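Student: Just the structure for this:
(3 chains)
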Amino acid sequence: MKPESELERIFPDNQGNSGTPGIRIGTVVGGSLSKGLVVKLDAGELPGSMIEQLAVGRYVVVQGLTERRFFCIVTDVALEHTNPYVESNPPETTDSIMAEVYRSTLAYGKANVAPMLVLERDSEEPKPVKTIPAHFSVVVQANEEDVEQVFGKADGDHFYIGNPIEMDQVPINVNLDRFIERSSGVFGKSGTGKSFITRTLLSGIVKSGKASCLIFDMHNDYGWAIKNEHGREYKGLQQLFDANRVNVITLDPETSQARGNRHDGALQIPYDAIEPEDIAMLAGVLTLSEVQVNALYFLRRRLGRKWLRKLLSNDENDQSELDEFVQQGDLIKGTLGAIQRKFEIFRRMGFLQTNVSEDLVETLFQKLNSGISIVLEFGIYGDSLPAYMFVANYLTRRIHHRYVATKNKAFGNQGDEPNPLMIVIEEAHKFLDPEISQHTIFGTIARELRKYNVTLLVVDQRPSGIDDEVMSQIGTRVTCLLDNESDIRAVFSGVSGASALREVLARLDTQQQALIMGHAVPMPVVIRTRDYGPELYEEINQQTFQLQSDAETVAQAKDDLFG
Amino acid sequence: MGLELNKLSKQVNKMGTTVASRSAEIEARLPKARATLKKITNNDPELKKKIKRALSMHWTGAIPTSEPVHAVFPCPKHPKRANIAAADGSQIYPDRHGIAIYYLINTGSIIFRHGLDEAPICSSYPSLFYENHDLYPNEVLIPSSLVNARRDITELRELAQIAEKEVKTAPTLLMLDNGLLLYLGLQTAEHRQSEEILGEYLETLSAIESTNACIAGVIDRPRAANVLRLLRLYDMENDMFDTNVLRSLGDYSQLTDRMLFGTLQPGERSAIFVNASPQNLERYLPKGQKIVFYYVNAGTREQPVILRVEIPEWVANQPEQLSLTHAGVVEQARFGDGFPYVLMRSHELAVVSWTERGHLDEMIGSSLHRSGLSAVVSRKAQGKQWTNSAKRRYGK
Amino acid sequence: MSDVNSEEKTNSSIPIGRMLRSDTTGFTFGCLLPEPEVPLFGDFVKAPAQQGLTEIIGIIHNIVIEDDLFVRQLIAAPELPEAYIQDQRKNRQIPIEVSVLSVGYSSENNIIQGLPPQPPVTLDYIKRCSLSDVIDFTNVQDYLALILNSKETPVEELIGAALQRASKARPIEDRELFLLQAGKELARLLSDDLSKLNSILRRIQVNI
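Tutor: Numbering: from 1, shown residues only, chains lettered A, B, ... in the order given. Predicted coordinates:
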């Protein structure tokens, strides 16, 4: 007689759940809403083995007494006993009966599970928990129906991102509307697959057409083909989508051409367009002092639009103009020298030009606003953090400005509102450092939510470097393995009840596993991320076709209606 | 209220000293008796004369046989193989207060194959008597003595049957837990029954004689004084004694033959004597079943047990049969604490316990009930049942 | 114990004794067959009660061979021939008193584990439970608590013996599971007395 059968008699299977019930693992014996539930594990078919079949991050369902079903995540497992004598006098392992009896009764496994969602009777949609199941409620492993019910099916709004651990057949879908609605983050120490997850997410977003992405692609990870460390090649976004959906703009046409990457244009920035604000944020990486930063504003005011060109100029006239400021006592010579020395770096940025034929900011804005995502490839400049930050800051400030203007002009007229934009930055802690995040455009975007239809997707390996206030605005957090305690703390900041998930996070596999929590998922979930490969490519193709035909149908319908 | 023992303690103490001093006084007279026995010679014409006269006066002494009266015979060798059988009976007397009037005789028997390692054969046969002619042989309820007589004859018949088969395999010794002289003690009204029973008893003895088996009646703690009476007779100055003198034991009063032969060593027997009782000489003798007896020490040196063994004269006359009775009793007594093992076992087989009697009454009650009679125990009987200890046994 | 079935045929419902005295917690019966297999310590027996309305199920916890003077004197006898020994063993009905702890009863085909409403009556026949009786009764383990709480029985030995008996009544493949379930029940009952628990568990090995 198996214990399951007896219990099923006492606790008949919930009628709301037509599928096969999950494997029973134990009963609720204590706990609280804030600290999670304590579950006494059943002995299992092989007594005592239940605990080994469980893992932190796994889903369980608690069948409440009132037909409510509580979805929970396992946060800790422990060995317990009813009598301390067990510890000092464990049964002989050679005595199989005694050991088995002990493992079935006096010694047992205990699991802590965090309740996340509750499914009310006759309700399809899980809601956040506000109470906990009664004593001795039965705990079962979540089955596929359970997980599907929580995460929804893949459709235009939901994008398949991976599978729960040990449930290869069950897709976990991210709600894309919610993902772009607020800023999001992808975290994980290097080598844990951040860029693969990011690429997967981006392909989903691009495909859905719900937002345009502006990707500051520091390491050429997103645009064209990418090779992983084993030499295997993966398609970039440009290969998955046509030019109506994705454009690649490069800062380094020579390298791009050399690598055979197709690109849709080269980015050139005129010196004269650069404002001190574009550089002030680089104070940290350029080790500019406050005095030096203030000097930049002074120079801009006195020298006009050509201030930077003059600063970097070798021309005698320009130099004597600067010396004049020193002689007048407006600038200290050391300061000027230091600025000029530190600004040497701009000379090496080939994309800075004196004359630029096209206003690229406007072009980018138009493309983004019309639904074309832009991958900005840095080429060789990717190795230069100042160049990366400078360009990201420069473009973001201007594009954001355009979005603000457009949004304000629309006056709530939805048709005129700018297309939602998600800006992807890497090494985000450099932009969102507590020292500067108050003053930079990225801090602003993170804080203003989607007021102007612009959000961030920050990709970072050191989330502890990001300003707490910004971090708390990150709606959806996709976290690969982190082992630094402060980083782990950072990703959980502002997530209620998340402390229980720390153990889960610290024990992720080094690759292809991630904990997703926040705005875009109904409850935290540990996934094995889906393979970025042919299957995904195929799906993108099909979806594209479907979307197009949908659009045609809608257009046709409109014609019929107004025709 | 039951017996108040505390009120008896003084009397009991006094009784102890009295008994002890009397016993010492009796013991003191034993040497004289033993000396007298030594003096008697078998062919003393004076004694013969005295015996002859005494017999005419219903004397119940012991008549010497060819063996010297003070002779002592060591225990002969037991045959390697012998069949020793014993039978015993017990009874439930008719009870006018019981649920129905009936009586029961239960006979147990054991056949012990000496020299073989097999378990003895045990059996018991209960017989229920309830017909009118059984219960009222003389128009009144059958007396206990008649029930006893019937029991005794049943025992003997059982042994006769056993003898027929057993003699075929080995010399056979039959034992009874009783003397062979049937004591009837019946009223004159039962004269007819007593004649019948005695006749049957003697016939059965003859039947046993014809099988070539031998038989012995073994009496534990015998109170008889037949030999002492012979000594008393010897002591008479002449043969001019009267009945009264003959009846008393004189110097030997309160002594018993058992005490007299207390000097027997383990296994030894005394000489054989003829029981001079009128029943023996007048009833048994004419049928060729004269009964003789001897005493034997069936105990140990530390704990002598003097038994009286009664045998028919035809057994005494055949040396092998005589030795078998002697050796058989001694050998059996080794495992019965001085009393033959087979007799103890046959008693055990025959005895009806209180609870068994309860079962029987229950069975009879329900049988009566089925026949439409109500079975009611009289209040007196019930009272007895309630107050009796459950361990009480029905025996002889 | 390979031929459990033959044992079943020979011993199933033969009366093995009659009731001597009883109370609701147990009873004592007299027995006349001191055979190798009957009666045994730890064996399951049944007795009628309430005029046949119920059948009490009990476990033998004590067997007393009563004192017997006859046997005593033979013990002292030198060179006791075999025939006397055989007589004592085979012919003499040395009464055996068997004490039984009541652990349940069956009433209208329901098995209840607990003390019976009435004890059996004097002289009722006591029968040995058949193997299927034992299996039916021991499918539920509540009776173990009754044994544990009994005052006058050697609790650990008795539970060990009874469980072995009940285990051997079952097919070989069911025995381990049965003993495990019993062990778990004991562990629940004895969670505060593990030395007692251990001593019982050591007695209930499958392969004995």
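
Student: Check which residues of stretch C:27-43 are buried.
Tutor: Across stretch C:27-43, burial judged by 16 or more other Cβ atoms under 10 Å in any protein chain shown covers C:27-31, C:38-43. To be clear about C-beta, it is placed using only N, CA and C from the backbone, and glycine gets the same treatment.

Student: which of these lies closest to residue B:49?
Tutor: Of all those, residue C:30 has the smallest distance to residue B:49: 64.6 Å, by Cβ to Cβ.

Student: tell me the contacts of the closest one?
Tutor: Listed by Cβ atoms under 8 Å, 6 or more residues apart in numbering or on different chains, the contact set of residue C:30 reads C:17-18, C:20, C:95-98.

Student: ok, whichever strand or helix holds it: who's next to it in the sheet?
Tutor: Element membership for residue C:30 (DSSP states H and E) is strand C:26-31. Strand C:26-31 pairs in its sheet with strand C:15-23 (antiparallel), strand C:96-107 (antiparallel), by DSSP bridges.

Student: following that strand, which helix or strand shows up next?
Tutor: strand C:44-49.

Student: Tell me the buried residues in that next one?
Tutor: Buried residues in strand C:44-49 (16+ other Cβ under 10 Å): C:44-49.

Student: And for stretch A:165-172?
Tutor: Judged by neighbour count using 16+ other Cβ under 10 Å, the buried positions of stretch A:165-172 are A:165, A:167, A:170-172.

Student: that older thread, residue B:149: which of the contacts of residue C:30 is nearest?
Tutor: Closest approach to residue B:149 among the contacts of residue C:30 (Cβ to Cβ): residue C:95, at 32.4 Å.

Student: mind checking which helix or strand residue A:102 is in?
Tutor: Going by DSSP H and E, residue A:102 is in helix A:96-104.

Student: pLDDT of that helix, averaged?
Tutor: Here helix A:96-104 scores 81 as its mean pLDDT.

Student: List the buried residues of it.
Tutor: Those buried within helix A:96-104 under the rule 16+ other Cβ under 10 Å are A:97-104.

Student: Could you tell me which ones among the residues you listed also sit near chain C?
Tutor: Restricting those to those touching chain C (Cβ under 8 Å from any Cβ of the partner chain) yields A:97-98, A:100-102, A:104.

Student: Looking at residue 52 now. What's its pLDDT?
Tutor: Because you didn't say which chain, this covers chain A. 83.

Student: Hmm, no, I was thinking of chain C.
Tutor: On pLDDT, residue C:52 comes in at 81.

Student: how near is it to chain B?
Tutor: 16 Å (Cβ to the nearest Cβ, to the nearest Å).

Student: and what of residue A:512?
Tutor: According to Cβ to the nearest Cβ, residue A:512 and chain B sit 86 Å apart.

Student: which residues does the residue lying closest to that residue once chain neighbours are set aside contact?
Tutor: Excluding the flanking residues, the one nearest residue A:512 by Cβ to Cβ, 6 or more residues apart in numbering or on different chains is residue A:529, at 5.1 Å. Contact analysis of residue A:529 by Cβ under 8 Å, 6+ apart lists A:161-162, A:193, A:196-197, A:200, A:512-514.

Student: got those as JSON lines, with neighbour count and secondary structure columns?
Tutor: Shown next, in JSON lines, are these (neighbours: other Cβ atoms under 10 Å in any protein chain shown; DSSP: H, G, I helix; E, B strand; the rest coil):
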{"residue": "A:161", "neighbour count": "25", "secondary structure": "strand"}
{"residue": "A:162", "neighbour count": "24", "secondary structure": "strand"}
{"residue": "A:193", "neighbour count": "23", "secondary structure": "coil"}
{"residue": "A:196", "neighbour count": "22", "secondary structure": "helix"}
{"residue": "A:197", "neighbour count": "26", "secondary structure": "helix"}
{"residue": "A:200", "neighbour count": "22", "secondary structure": "helix"}
{"residue": "A:512", "neighbour count": "18", "secondary structure": "coil"}
{"residue": "A:513", "neighbour count": "21", "secondary structure": "strand"}
{"residue": "A:514", "neighbour count": "30", "secondary structure": "strand"}
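
Student: Between the residues you listed, which sits nearest residue B:247?
Tutor: Checking the contacts of residue A:529 one by one against residue B:247 (Cβ to Cβ), the nearest turns out to be residue A:513, at 125.7 Å.

Student: beta partners of that closest one?
Tutor: Here residue A:513 shows beta-bridge partners residue A:528, assigned using DSSP bridges.

Student: quick one: contacts for it?
Tutor: A:165, A:480-481, A:526-529.

Student: can you pull the pLDDT of it?
Tutor: As predicted, residue A:513 sits at a pLDDT of 89.

Student: can you check residue B:45 too?
Tutor: 89.

Student: Quick check: residues of chain C near chain A?
Tutor: Going by Cβ under 8 Å from any Cβ, the residues of chain C near chain A are C:176, C:179-181, C:183-184, C:186-188, C:191-192, C:194-195, C:198, C:201-202, C:204-206.
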